[in-house]
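Peer 1: A structural model of the following input is requested.
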Amino acid sequence: MSDGLDVRGVTVELGGVRLLDDIDLTVKPGRWVSVVGPNGAGKTTLVHAIAGGVPLEAGRVLLGGRDVRRLRARARARSIALVPQSPVVPAGMSVLDYALLGRTPHLAFFATETTDDIERSTAVLEDLGVRHLAGRLVETLSGGERQRVVLARALLQDAPLLLLDEPTSALDIGHQQDVLELVEHLRDARNLAVVSTMHDLTLAGFYADELVLLDQGRIVERGAAGDVLTEEHLRRHFGAQVTVLRGADGPLVIPQRPRRRAVP
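Peer 2: You can find the predicted model right below:
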C-alpha cells in the first residue's frame with residue numbers, strides 16, 4: 001500500500017440525516033490519525049465509511065489507489081482491519097479460535113490454519129496479556145478482556161490499514177497504555193496506517209501524529225495535538241470547561257468543575 005488511505009469528499013446520509021459532510025482525509029503508511037469530537041459528531045460513521053460498511057451519498061475511499069468499495073470481501077479483509085466499538089462475537093467460540101479468524105483472509109478456500117498461524121496468534125494474545133484465556137469462551141470474558149481479544153483478531157489480519165473505534169473504552173488505565181503501546185510498536189514495525197477514534201483526548205494527543213476534530217459531521221480543526229486541543233476549541237465544540245497543560249508527550253486535558261452561580 002504505497003499510497004496509504006485517501007478519503008475524498010465523503011458524505012453519508014442515513015434516514016434523511018447528514019452524518020458526514022464532505023470529509024477529506026489522508027493517512028500515509030506509518031502515520032496515525034486520531035479522530036476526536038463530541039458525541040454524535042460522526043466519528044464512528046467515518047470509521048465504518050472507510051471500512052466500506054456504510055453507503056456513501058458522495059465521495060470515494062481509496063486505499064493504495066484502489067476504491068475500497070470495488071474490493072472483494074477477502075481482498076478488503078486483507079487490506080483493512082477494523083476494531084469496532086461493539087463487536088459481534090459468535091457464541092461458543094474460544095479466544096484462540098476467535099483470534100485465528102484474523103488469519104482467514106490469508107488462507108486458501110477450505111484450508112485450515114497452519115502451525116505458524118497458531119503460533120502467531122498465541123504470540124499476539126501474549127502481547128495483549130490474554131494468552132492465559134486462550135481456552136476460554138469469548139462470551140465469558142469481561143469487557144476489557146474481550147476488547148483485547150478483538151484487537152488480537154484484527155492485528156492478525158496483517159492489513160496495512162488499522163481502524164480502531166474507541167479501542168480503549170472498556171480498559172483500565174494500565175491496559176489502555178499496553179494496547180496503545182502495542183499499536184504504536186506495530187505501526188512502526190509494519191509501516192501501518194492507523195485511524196482511531198478516542199474519547200480520551202490526552203491519550204489521543206499522545207499517540208497520534210495528527211488529530212482531526214469532527215463536529216456535526218464536518219472537520220472543524222485538524223493538525224498537531226497542540227494546535228487542536230486548545231481550551232477555546234474544546235469549549236466551542238465540546239461545551240467543556242477544561243485546562244490544557246503542556247506535557248512531555250503532548251497536551252494534558254484536565255476537566256474543570258463549572259463554576260456555580262451564587263444563589264440570590
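Peer 1: Tell me the buried residues in stretch 4-21?
Peer 2: Of the residues in stretch 4-21, 4-7, 10-13, 19-21 count as buried by neighbour count, 16 or more other Cβ atoms under 10 Å. All C-beta spots, glycine's among them, are computed from the backbone N, C-alpha and C.
Peer 1: which one of the residues you listed is nearest Ser34?
Peer 2: Closest to Ser34 out of those is Leu5 (13.7 Å), distances taken as Cβ to Cβ.
Peer 1: okay, how far is it across stretch 207-223, tip to tip?
Peer 2: 13 Å (Cα to Cα, to the nearest Å).
Peer 1: just to revisit the earlier point, which of the buried residues of stretch 4-21 lies closest to Ser142?
Peer 2: Using Cβ to Cβ, these come closest to Ser142 at Leu19, 31.3 Å.
Peer 1: Dig out what the residue nearest the centre of the chain forms beta bridges with.
Peer 2: The C-alpha lying nearest the average C-alpha coordinate of the chain belongs to Leu164 (Cα atoms, centre = their mean; 1.3 Å). When bridges are assigned using DSSP bridges, the partners listed for Leu164 are Val83, Ser196.
Peer 1: my guess is it meets Leu192, correct?
Peer 2: No. Assessed by Cβ atoms under 8 Å, Leu164 is found out of contact with Leu192, at 10.8 Å.
Peer 1: returning to what we had before: got a list of what the residue nearest to the centre of the chain touches?
Peer 2: Residues near Leu164 by Cβ atoms under 8 Å, 6 or more residues apart in numbering: 47, 83, 151, 183, 194-197.
Peer 1: try 7 Å
Peer 2: 83, 194, 196 (Cβ atoms under 7 Å, 6 or more residues apart in numbering).
Peer 1: What of Ala193?
Peer 2: The contact partners of Ala193, by Cβ under 7 Å, 6+ apart, come to 4-5, 27-29, 31, 160-161.
Peer 1: distance of it from Arg31?
Peer 2: 6 Å (Cβ to Cβ, to the nearest Å).
Peer 1: And for Pro255?
Peer 2: For Pro255, the distance to Arg31 (Cβ to Cβ) stands at 29 Å.
Peer 1: what's the answer for Phe238, then?
Peer 2: 25 Å.
Peer 1: Lowest pLDDT pick from the contacts of Leu164?
Peer 2: Lowest in pLDDT among these is Val83, which has 93.
Peer 1: just checking, that residue touches Leu155?
Peer 2: No. Using Cβ atoms under 7 Å, Val83 is not in contact with Leu155; the gap is 8.9 Å.
Peer 1: anything in contact with each of these two?
Peer 2: The contact sets of Val83 and Leu155 do not overlap (Cβ under 7 Å, 6+ apart).
Peer 1: all helices in the stretch 51-200 of the chain, in order from the N-terminus.
Peer 2: Assigned by DSSP state H, counting those that start in this stretch, the stretch 51-200 of the chain shows helices spanning 73-79, 95-100, 115-127, 143-155, 173-190.
Peer 1: Glu57: which of those helices is closest?
Peer 2: Nearest to Glu57 among the helices of the stretch 51-200 of the chain is helix 73-79 (20.6 Å), distances taken as Cβ to Cβ.
Peer 1: who touches that closest one?
Peer 2: So helix 73-79 is contacted by 52, 63, 68, 71, 105-106, 157, 159-161 (Cβ under 7 Å, 6+ apart).
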